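**Student:** sequence and predicted structure, then a few things I'm wondering about:
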Amino acid sequence: MAITTPIFFHKGTMTKGAEIWLEEDTARHIVQVLRMENGEQLRLTNGEGILATATVANAQKKKCSVILNEVKKFQPATTQFHLAVAFTKNTSRNEWLLEKATELGVTAIIPLMATRSERERFRHDRWLNILISAMLQSQQYYLPELSEPAELPAILKRFNAVEQKFIAHCISEEERTSIAERMKPHKETLIFIGPEGDFTPEEVALCITQGCQPIVMGANRLRTETAAMAACAYFNMIQ
């Protein structure tokens, strides 16, 4: 099947030969926007590594069923990348980051509640839809995990066993090394990107005691979402 065949998200079990009814929003897009008819083909993924090829079986105004012709399971990326980032109050910049991080193959996104974080409202449903859209656009079959907001100690505890951990900060008096020197390929990775007011010295010290390597993202001081995107891009590039 050609790669241009439209692909949609369907959360649930998919078995070869089964007929399934799609969610109303998906069905409406297929029938009313794309004007697909019975017999046309599409693809479905559940964001958990499943890719199914399907044929439209019953196209109605607000309902659509498909027959699953083939179901394939893809293996996840061999190396996982976890991004703990302190989101800003700028909704559009946060959503841009979510989209780009997904396109670059991030495994998990953890909204970080740092000492100097701006208290952005956690928009789980909207953010999840952005991740789904970016996953489909970039032809991936695994949806990043979108965690609940958490503070540093909880994240450090959860990811204690991760092989390489980093904290990016802008405290010039503290020792830091370039990300290009420290980040190694083919290792599960966690990186902390702080708020626009940066991490406090106490937060940096805590992370270092828990095995995090302090790094700098480059010669220029970057905005939170730029630093996070740069970390995702560099990790993706060296794999």
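**Tutor:** Cool, got the structure. Numbers count the residues shown, from 1 in each chain.

**Student:** and the closest residue to residue 137 other than its chain neighbours, how many neighbours does it have?
**Tutor:** Spatially, and ignoring its direct neighbours in sequence, residue 137 is nearest to residue 103 (7.1 Å; C-beta to C-beta, 6 or more residues apart in numbering). The C-beta positions use only the backbone N, C-alpha and C, and glycine is treated the same way. When neighbours are defined as other C-beta atoms under 10 Å, residue 103 has 18 of them.

**Student:** domain parsing of the protein, as residue ranges.
**Tutor:** 7-73, 81-238 (automatic domain parsing).

**Student:** can you say which of those is packed in most?
**Tutor:** Mean neighbours per residue, mean count of other C-beta atoms under 10 Å, is largest over these for domain 81-238, with a mean of 18.

**Student:** for residue 159, give me its contacts.
**Tutor:** By C-beta atoms under 8 Å, 6 or more residues apart in numbering, the residues touching residue 159 are 82, 165, 190.

**Student:** oh, that last question was meant for residue 133, not what I typed.
**Tutor:** Residues counted as contacts of residue 133 (C-beta under 8 Å, 6+ apart) are residue 99.

**Student:** ok so, going back, adding distance to residue 26, pLDDT and secondary structure, write the contacts of residue 159 out as CSV.
**Tutor:** Shown next, in CSV, are those (distance: C-beta to C-beta, whole Å; pLDDT from 0 to 100; DSSP: H, G, I helix; E, B strand; the rest coil):
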residue, distance to residue 26, pLDDT, secondary structure
82, 29, 98, strand
165, 38, 98, strand
190, 34, 98, strand
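
**Student:** need those in TSV (columns: distance to residue 19).
**Tutor:** Shown next, in TSV, are the contacts of residue 159 (distance: C-beta to C-beta, whole Å):
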residue	distance to residue 19
82	38
165	47
190	42
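
**Student:** which of those residues sits closest to residue 149?
**Tutor:** Ranked by distance to residue 149 (C-beta to C-beta), these are led by residue 82 at 14.6 Å.

**Student:** residues contacting that closest one?
**Tutor:** Residues counted as contacts of residue 82 (C-beta under 8 Å, 6+ apart) are 106, 107, 108, 110, 159, 162, 188, 189, 190, 191.

**Student:** next step: those residues restricted to strands.
**Tutor:** Those of these mapping onto strands are 108, 110, 189, 190, 191, per DSSP state E.

**Student:** dig out what the second one forms beta bridges with.
**Tutor:** Taking DSSP bridges, one obtains residue 84 as the residues bridged to residue 110.

**Student:** got it, and the fourth one?
**Tutor:** Listed beta-bridge partners, residue 190: residue 82, residue 165 (assigned using DSSP bridges).
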